[in-house]
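Asks: Whatever this is, show me its structure:
(one chain, ligands or ions: 1)
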Amino acid sequence: MTHRLRKFLGTRSGQSLSRTGHTIPRHVAIIMDGNGRWARRRGLPRSAGHYAGMQALRRTIRAAADLGIGFLTLYAFSTENWHRPKEEVDFLLRLPSEFLKTDLPELKMRNVRICFLGSLDELPAHTREAAGAALAETAGNTGMVLSFAVNYGSRSEIVRAVREVVRESLAGRLVLEAISEKTISTYLFTAGIPDPDLLIRPGGEQRLSNFLLWQSAYAEFWFPRVCWPDFGREHLLEAIEVYNKRDRRYGGIKL
Ligand code: FPP
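Replies: Numbers count the residues shown, from 1 in each chain. Modelled structure (predicted):
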């Protein structure tokens with residue numbers, strides 16, 4: 001970590017990082033991977049890895065809010081994760097309510113707005129209730145937007161959006177020629193959230209696993225080897241340093 005970045009974090013005064021020369025990505029998205037491997041290496045059950053992953057999530061949210069990141073999106077449970085053993089699925093789906101029970105007061109104090117991406121209807125009642133309360137209690141907050149992708153899959157999100165667009169078009173409310181990229185974006189779970197600038201997948205795997213496929217068209221990717229339960233402030237800072245070295249051209253050229 002550079003001295004400048006360390007110094008900034010030492011102050012935690014909310015001053016703009018641009019003064020130190022680092023650009024803070026507006027939207028950081030994270031695929032929280034490697035919980036199972038982390039646990040196996042320690043001779044622990046997979047649930048211990050997920051539980052440790054929840055502590056990493058807490059550290060990362062705090063660091064992101066301190067850094068002034070505007071949008072933080074975390075992949076907590078994919079539409080494919082239902083294929084895991086029932087015991088593991090039940091454990092994973094208990095974590096959001098457990099986390100919100102302990103951390104919602106701090107998140108509210110930090111002016112964080114909580115969102116959920118994905119289809120909540122199929123989730124257990126306790127998860128839906130905790131999500132609904134968090135959404136309602138933080139709806140008016142103006143700080144970091146923290147999105148949990150739960151029962152989220154990017155392909156099904158796109159199918160859902162296309163269905164809505166077709167429905168509107170058939171009802172005569174949407175002219176075929178007027179359908180644009182922006183139209184599709186407004187029907188995605190992420191409507192109103194800017195595309196991610198930086199997508200991080202710890203754990204060493206280098207794939208998107210059905211996460212934000214449409215939204216990540218021009219995201220920068222970083223795949224550190226560290227498993228998610230060991231991830232923290234230092235890694236987020238390293239990610240920002242990596243991001244600052246990237247040359248984002250969006251298909252254009254530098255003149
Ligand atoms: C992938 O690691 C991780 C998950 C499927 C779950 C991620 C969830 C958390 C970190 C906790 C979420 C908490 C809240 C509050 C939303 P893996 O199990 O596939 O790891 P492996 O590839 O090493 O087996």
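Asks: what does the stretch 51-200 of the chain put close to the ligand?
Replies: Contacts of the stretch 51-200 of the chain with the ligand, taken as C-beta under 6 Å from any ligand atom, map to 53, 54, 57, 76, 81, 92, 95, 96, 99, 148. Quick note: C-beta positions are derived from backbone N, CA and C, even for glycine.
Asks: tally of neighbours for the last one?
Replies: Looking back up the chat, that one is residue 148. Neighbourhood size, residue 148 [other C-beta atoms under 10 Å]: 23.
Asks: For the residue in the stretch 51-200 of the chain positioned nearest to the ligand, which three-state class applies?
Replies: At 2.7 Å from the ligand, residue 53 is the closest residue in the stretch 51-200 of the chain, using C-beta to the nearest ligand atom. Applying DSSP: H, G, I helix; E, B strand; the rest coil to residue 53 yields a three-state assignment of helix.
Asks: Might you report the residue contacts of it?
Replies: With contacts defined as C-beta atoms under 8 Å, 6 or more residues apart in numbering, residue 53 is in contact with 32, 35, 38, 228, 229.
Asks: And the helices in the chain?
Replies: With DSSP state H as the definition, the chain shows helices at residue ranges 3-11, 35-41, 46-67, 86-109, 125-138, 154-170, 181-186, 233-245.
Asks: Mind telling me which of those helices the model trusts least?
Replies: When those are compared on average pLDDT, helix 3-11 comes out lowest at a mean of 50.
Asks: Grab the nearest non-local neighbour of residue 221.
Replies: Once its chain neighbours are removed from consideration, residue 221 has its nearest residue in residue 199; the separation is 5.2 Å (C-beta to C-beta, 6 or more residues apart in numbering).
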